[in-house]
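Chemist: Mind looking at a prediction? Sequence and model below.
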Amino acid sequence: MKLSTTTSELLSQLQTVTRVVSTRTANQVLSGVMIAVQDDTAELLATDAEIGVRVKLQAEIATTGRAVLPGRLLQEVAKALPAESVTLELRPAEQDVELISGGAVFHLRTLRAEDFPALPDPTPDTRMALPAAAFIETVERVARSASKDETRPVLTGIMISASGEELRMVATDSYRLSVKQTALEAPLIGALDANVPARALQELARIAQQAQSAELAASLGQNQIVFELDGAVLSSRLIEGQFPNYRQLIPESVEHELRLSTTEFADVVRRISLLAQKNTPLRLAFREGELTVSAQTPDVGEASETIPVPYHGETFEIGFNPDFLRDGLESMSTDEVLLKLISPLRPGLLESPDSGDFVYLVMPIRLNA
């Protein structure tokens, strides 16, 4: 294997694939990046055995072959290369790859290419095209609500349902819930229902930031999903198990419904949250025509801010996790937000006004007197 490429191309593609290399594994090859060259194509591949990424590397190919190098080290070397171009050559006898850039020469020991897991290929029979921008925007709206607790794996995913002219994604960690329904401009050919790890979809969103293509393809295999976008291929295992019935969690009626400025409300929440430390709640106290947001942390300090709001009725006070409330507001894409409340011990709702295409439910925190 021997090829030449620009250092910027090598670094750019390494930054994409090394995000999924495993940093905590007994299987050393999972910490590596495979350079695979066949015919007139060069690719970089990486996987942690659950998520895999494969990207094309624009290069001049001299000979074919493959080699696996430590991913993080290779990326650091690529950052440090002194010239605009670099040549990589596998030296089988020395069991290393030689990198030459300008006057710099590196020899990096290879990992066992035979142990590198095969990444799944797209399945033509289940392949369906999706509008990339709509898909990624939907992911980004709900991803914060997915759980990071691996002891409840079913909640670490985003439930995707796509058919006809609608795309819907749902995520929850049992403390908050995000539901985003996206109307598509053209009907889909085929249908997709899968619980995909949020981490995989967030990696796909990062790849999309560099992509030019307006179309994304997804195909389901056995316990796997494969996405294709602008020459990059991301594969992920699917999450097994019953995803919660989110519809029964959303209340059908509420006591108070307030239309607020998203930016103003979010700014107040961000400011006052600075004093909601050590798991203390953010307090929202509603009185006729006004809302006071406050926080108090013993031995740290306290803060409060009052803004006018269209509230009418008895005094009402409710507490929320400040990070969860802020995440919900930052997930809104509209200038205004509907805040819906029932009681101090029932969930609060943030919704897109008018369309209702985005719903964010957050559980309250019981307040001490």
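Modeler: Great, that's in hand.

Chemist: roughly how far apart are Ala129 and Leu88?
Modeler: 35 Å (Cβ to Cβ, to the nearest Å). Heads up, the C-betas are built off the backbone N, CA and C, glycines and all.

Chemist: who has more neighbours, the two?
Modeler: Using other Cβ atoms under 10 Å as the criterion, Ala129 and Leu88 rank with Leu88 on top: 26 against 14.

Chemist: quick one: the more buried one and Leu44, what's the gap?
Modeler: Taking Cβ to Cβ as the measure, Leu88 and Leu44 are separated by 11 Å.

Chemist: Report the set of residues contacting both of the two.
Modeler: Ile35 (Cβ atoms under 8 Å, 6 or more residues apart in numbering).

Chemist: Quick check: closest non-adjacent residue to Pro310.
Modeler: Spatial nearest neighbour of Pro310, chain neighbours left out: Leu258 (5.8 Å); criterion: Cβ to Cβ, 6 or more residues apart in numbering.

Chemist: Could you pull up phi and psi at that neighbour?
Modeler: Torsion angles at Leu258 (phi, psi; degrees, to the nearest 10) stand at phi -120, psi 140.

Chemist: That one pairs with what?
Modeler: Bridge pairing for Leu258 (DSSP bridges) gives the partners Leu339.

Chemist: again, but for Leu90
Modeler: Val97.

Chemist: what's around it, how many residues?
Modeler: The number of residues near Leu90, taken as other Cβ under 10 Å, comes to 22.

Chemist: now the strands for the stretch 51-200 of the chain?
Modeler: For the stretch 51-200 of the chain, strands defined by DSSP state E, counting those that start in this stretch occupy the ranges 51-56, 60-63, 65-70, 85-91, 96-101, 104-109, 128-131, 157-163, 166-172, 176-183, 192-197.

Chemist: The fourth one vs strand 65-70, what angle?
Modeler: Strand 85-91 and strand 65-70 meet at an angle of 100 degrees, taking axes from the mean of the first three to the mean of the last three Cα atoms, to 10 degrees as the criterion.

Chemist: what packs against strand 85-91?
Modeler: With contacts taken as 3 or more Cβ pairs under 8 Å, 6 or more residues apart in numbering; DSSP states H and E, strand 85-91 sits against strand 2-6, helix 7-17, strand 65-70, strand 96-101.

Chemist: now swap in the second one and tell me
Modeler: Using 3+ Cβ pairs under 8 Å, 6+ apart, the elements in contact with strand 60-63 are strand 2-6.

Chemist: Please apply the same query to the fifth one.
Modeler: Here strand 96-101 is seen to pack against strand 85-91, strand 104-109 when contacts are counted using 3+ Cβ pairs under 8 Å, 6+ apart.

Chemist: cool, the longest one as well?
Modeler: Strand 176-183 sits against helix 132-142, strand 166-172, helix 322-330, strand 358-362, with contacts defined as 3+ Cβ pairs under 8 Å, 6+ apart.

Chemist: repeat that for 7 Å
Modeler: For strand 176-183, the elements it packs on are helix 132-142, strand 166-172, strand 358-362, judged by 3 or more Cβ pairs under 7 Å, 6 or more residues apart in numbering; DSSP states H and E.

Chemist: Just send those back as a markdown table, with mean neighbour count, distance to Glu351 and mean pLDDT too.
Modeler: Formatted as a markdown table, the helices and strands packed on strand 176-183 follow (neighbours: other Cβ atoms under 10 Å; distance: least, Cβ to Cβ, whole Å; pLDDT from 0 to 100):
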| stretch | mean neighbour count | distance to Glu351 | mean pLDDT |
| --- | --- | --- | --- |
| helix 132-142 | 20 | 12 | 96 |
| strand 166-172 | 22 | 15 | 98 |
| strand 358-362 | 22 | 5 | 98 |
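
Chemist: Thr156 is nearest to which of the ones you listed?
Modeler: Each of the helices and strands packed on strand 176-183 was scored for nearness to Thr156 using Cβ to Cβ, and the closest is strand 166-172 (9.2 Å).

Chemist: can you pull the contacts of the residue lying closest to Thr7 once chain neighbours are set aside?
Modeler: Excluding its sequence neighbours, the residue lying closest to Thr7 (Cβ to Cβ, 6+ apart) is Leu81, at 4.5 Å. Neighbouring residues of Leu81 by Cβ atoms under 7 Å, 6 or more residues apart in numbering: Thr7, Ser101, Ala104.
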